[in-house]
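Enquirer: Sequence first, then the predicted structure, then my questions.
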Amino acid sequence: MQAPVLVLNTTTKRETGREAQINNITAAKAVSSLIRTCLGPKAMLKMILDAMGGIVLTNDGNAILREVDVTHPAAKSIIELSRAQDENVGDGTTSVVILAGQMLEAAEPWINKGLHPTVIIRALFRALDDSEEIINKFAFSIDPNDTKEVSKIVKSCIGTKFTSRWSALMCKLAIDAVRTVSFEENGRREIDIKRYARVEKIPGGDIEDSTVLNGVMLNKDVTHSNMRRYIKNPRILLLDCPLEYKKGESMTSAEIEKEDHFTQMLKIEEEYIANICSQIAKFKPDVVMTEKGVSDLAQHYFLKNNITALRRLKKTDNNRVARACGATIVNRTDEIQESDIGTGAGLFEIKKIGDEYFSFIVECKQPKACTILLRGASKDVLNEVERNLQDAMNVARNVLFDPRLVPGGGAIEMALSHALMEKAKTIEGVEQWPYKSVAQALEVIPRTLAQNCGANVVRVLTDLRARHATNPEKNIAWGVDGEKGVVADVRELGIWEPYIVKTQTLKTAIEAACILLRVDDVVSGISKKKEAGGGGPQPNPEDMEGGGGGGME
């Protein structure tokens, strides 16, 4: 009789076949249920204590899942969906996780009945293709330059957030910021919110005091107390080089034979600083900003020439100042040209807010970068307002790129569900059943909206199904009023969602479900090397007695 061959390590845990698939589905459902109450205008908040002891208080799906520490690989995969959705379109992070979990839940009974995963996956992809066709049919375009129309869409995004009380202000901030950083070149539009729309949070004041500056704000004060703090129409020079004597890269030694050699060395250093300051002063700038240091001697020369200096700016801040005032960042002082000087700003001013000094470069003629100044009662409130504002800016950006919209409030999901149910009747073979399950899974969005505002879920969903079944074309916009928990026409409520967000949510959720259904073997285990911290097996504590103090006897 042949002895059993052990291929895998004995510490390795292995799940195969149906067991692996069911475990993956269970993990995905667990993650989905975690943030299900975070959907809609009556969403609950989650309080998470992070590893550093800080508190995260939010109902943003991505912010919650980012802080949750999970070990199951399938759960990690579902959490990754939320991050991908946030990076691509910036909204729908909660919906995508809920929908992916529901798609897998819909596939579970067919796995248990012995239906092959490939058949289920084929049905899911077929449903996805049909869904895209149906959404294309129902989508309509708006004018992205019409502020009133765009603000309606941003308002429906803000309506589900903590900042819904200040929705008019948040819409204005988001649209102003996105339009400021919008940049068109050779027919190609670029809207880089992450790099050029900086959010500065200053605790204190009221949320209504928040504003979008037509320029840049920096958390910096002048290097010398006597330098000018208020300059109209400043000439701004941006540098990426130190305004101090260059130190040696490593240890530098100098031999001094005579007494006056040391004086000569100091004189050379002073001459070098005087030279670079004269090269700068030649162009008569009012403000000099550098990413590196400014020595005391350089400050003295700048003060003599009536130049204000700021030092140790972040690279990102320097780039935004350059874009706002039309300057070019210079790497060497002997290469400065008149065209490098930024003259696009109308005012340079330093103000004290709270305990800190802030530099304002505002009243720019064509600012292609901006700072959003947020005020609020506490840091937790400001962090949540920032997260909400980022979502609102992403929605505004999506509408400028693709101005197509679909009805919100679960209306488009119900319309898709009904259309797929009707289409399933034309499909032959076993593929029809998982296809129908996709249609039923789409109802999770209106159902969750109804659940979260304490409505009678069965009555609301039955009413919705009936309306969409009687006249699908006319009743396309009937969904759930997330405030009152009743069936309503979302066109009258002004609840719209960007087409790009809805299609991305569907694609991501169904494709993720298909990937997890295709997994039939999960091998998990830590090798002994890792377990022992990179060496051999861990030594027995009994063998180490006296080992620590052997040399002290």
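Expert: Okay, I see it. These figures come from a predicted structure and were not determined experimentally.

Enquirer: C-alpha only now, for contacts and for neighbours.
Expert: Noted.

Enquirer: measure the residue nearest to N456 when sequence neighbours are not counted to E269 for me?
Expert: Leaving aside its chain neighbours, N456 sits nearest to A450 (7.2 Å; criterion: CA to CA, 6 or more residues apart in numbering). Using CA to CA, to the nearest Å, we find A450 at a distance of 73 Å from E269.

Enquirer: and these two? which has more neighbours close in?
Expert: A count of neighbours by other CA atoms under 10 Å puts A450 above the other of A450 and E269, at 31 against 16.

Enquirer: Pretty sure V457 is one of the things that one touches, is it not?
Expert: Yes: between A450 and V457 there is a contact under CA atoms under 8 Å: 5.7 Å.

Enquirer: re earlier: show me what contacts the residue nearest to N456?
Expert: Residues near A450 by CA atoms under 8 Å, 6 or more residues apart in numbering: N456, V457, V460, V480, G482, G485, V486.

Enquirer: how near is the fifth one to S82?
Expert: Just to be clear, that refers to G482. G482 is 22 Å from S82, by CA to CA.

Enquirer: Pass me the low-pLDDT residue ranges in the chain, would you?
Expert: Within the chain, the stretches with pLDDT under 70 are 1-12, 247-251, 525-553.

Enquirer: residue furthest from the geometric center of it?
Expert: In terms of distance from the mean C-alpha position of the chain, K258 ranks first, at 62.1 Å (CA atoms, centre = their mean).

Enquirer: in the helix or strand containing P446, what's buried?
Expert: Element membership of P446 [criterion: DSSP states H and E] is helix 444-452. Neighbour counts over helix 444-452 (16 or more other CA atoms under 10 Å) mark V444, I445, P446, R447, T448, L449, A450, Q451, N452 as buried.

Enquirer: Same list, these, but as JSON lines with distance to A20 please.
Expert: Below are the buried residues of helix 444-452 laid out as JSON lines (distance: CA to CA, whole Å):
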{"residue": "V444", "distance to A20": "25"}
{"residue": "I445", "distance to A20": "27"}
{"residue": "P446", "distance to A20": "30"}
{"residue": "R447", "distance to A20": "29"}
{"residue": "T448", "distance to A20": "28"}
{"residue": "L449", "distance to A20": "32"}
{"residue": "A450", "distance to A20": "33"}
{"residue": "Q451", "distance to A20": "31"}
{"residue": "N452", "distance to A20": "32"}
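
Enquirer: of all those, which comes closest to E184?
Expert: I445 (36.9 Å; CA to CA).

Enquirer: How about the contacts made by that closest one?
Expert: I445 touches S95, I98, L99, G410, E413, counting by CA under 8 Å, 6+ apart.

Enquirer: ok, the fourth one touching P446?
Expert: Yes: G410 is in contact with P446 according to CA under 8 Å; the separation is 4.5 Å.

Enquirer: any shared contact partners between those two?
Expert: With contacts taken as CA under 8 Å, 6+ apart, the residues that reach both G410 and P446 are G479, V480.

Enquirer: How far does stretch 366-374 stretch from one end to the other?
Expert: With CA to CA applied, stretch 366-374 spans 22 Å between its terminal residues.

Enquirer: got it, and stretch 343-350?
Expert: Termini of stretch 343-350 sit 18 Å apart (CA to CA).

Enquirer: Tell me how many other residues crowd the closest residue to I158 other than its chain neighbours.
Expert: Closest residue in space to I158, ignoring its immediate chain neighbours: S164 at 5.4 Å, by CA to CA, 6+ apart. Residues near S164, counting by other CA under 10 Å, number 17.

Enquirer: Report the separation between D340 and T333.
Expert: 11 Å.

Enquirer: Which stretches in the stretch 251-400 of the chain count as strands?
Expert: Under the criterion DSSP state E, counting those that start in this stretch, the stretch 251-400 of the chain contains strands at 287-290, 308-310, 329-330, 347-353, 356-362, 370-376.

Enquirer: From the chain's centroid, how far away is the second one?
Expert: Taking the mean C-alpha point of strand 308-310 and that of its whole chain, the gap between them comes to 33 Å (CA atoms, centre = their mean, to the nearest Å).

Enquirer: Let me see the residues that make contact with it.
Expert: The contact list for strand 308-310 (CA under 8 Å, 6+ apart) reads 220-224, 227-229, 286-290, 299, 302.

Enquirer: Among these, which one lies nearest to V385?
Expert: The shortest gap between V385 and any of the contacts of strand 308-310 belongs to K220, at 23.8 Å (CA to CA).

Enquirer: so what's the spatially closest residue to the closest one that is not a sequence neighbour bridging to?
Expert: Closest residue in space to K220, ignoring its immediate chain neighbours: F358 at 5.3 Å, by CA to CA, 6+ apart. F358 has these beta-bridge partners by DSSP bridges: K351.

Enquirer: looking at it, F358 is touching K351, isn't it?
Expert: Yes: using CA under 8 Å, F358 is in contact with K351, at 5.4 Å.

Enquirer: how about the closest residue to N233 other than its chain neighbours, phi and psi?
Expert: Once flanking residues are discounted, N233 sits nearest to G346: 4.4 Å by CA to CA, 6+ apart. Main-chain dihedrals, G346, degrees, to the nearest 10: phi -90, psi -20.

Enquirer: what's around G346, how many residues?
Expert: Neighbour count of G346, defined by other CA under 10 Å: 17.

Enquirer: mind listing what it touches?
Expert: Neighbours of G346 in contact, by CA under 8 Å, 6+ apart: K232, N233, P234, I361, V362, E363, C364, K365.

Enquirer: Bridge partners for the fifth one, pull those for me.
Expert: If I follow you right, that is V362. Per DSSP bridges, the residues bridged to V362 are L347.

Enquirer: So it sits against N214, correct?
Expert: Yes: counting by CA under 8 Å, V362 touches N214, with 5.6 Å between them.

Enquirer: re the thing from before, please, a PyMOL command that selects the buried ones among the contacts of strand 308-310?
Expert: A single PyMOL command selects the buried members of these (16+ other CA under 10 Å):
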select buried, resi 220+221+222+223+227+228+229+286+287+288+289+290+299+302
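
Enquirer: The contacts of strand 308-310 in helices, which ones?
Expert: If you go by DSSP state H, the contacts of strand 308-310 have Q299, F302 in helices.

Enquirer: Just give me the closest of the contacts of strand 308-310 to T37.
Expert: Nearest to T37, judged by CA to CA, of the contacts of strand 308-310 is K220 at 41.8 Å.

Enquirer: just to revisit the earlier point, could you report the neighbour count for the residue nearest to K220?
Expert: Using other CA under 10 Å, F358 has 16 other residues around it.

Enquirer: now L389: how far from C171?
Expert: 8 Å.

Enquirer: surely A20 meets S524?
Expert: No: under the criterion of CA under 8 Å, A20 is not in contact with S524, lying 11.6 Å apart.

Enquirer: So for these two, which sits in the more crowded spot?
Expert: Taking neighbours as other CA under 10 Å, A20 and S524 compare with A20 leading, 20 against 13.

Enquirer: Next, the more buried one: phi, psi?
Expert: The phi/psi pair for A20 (degrees, to the nearest 10) reads phi -60, psi -40.

Enquirer: Perfect, I'm done here.
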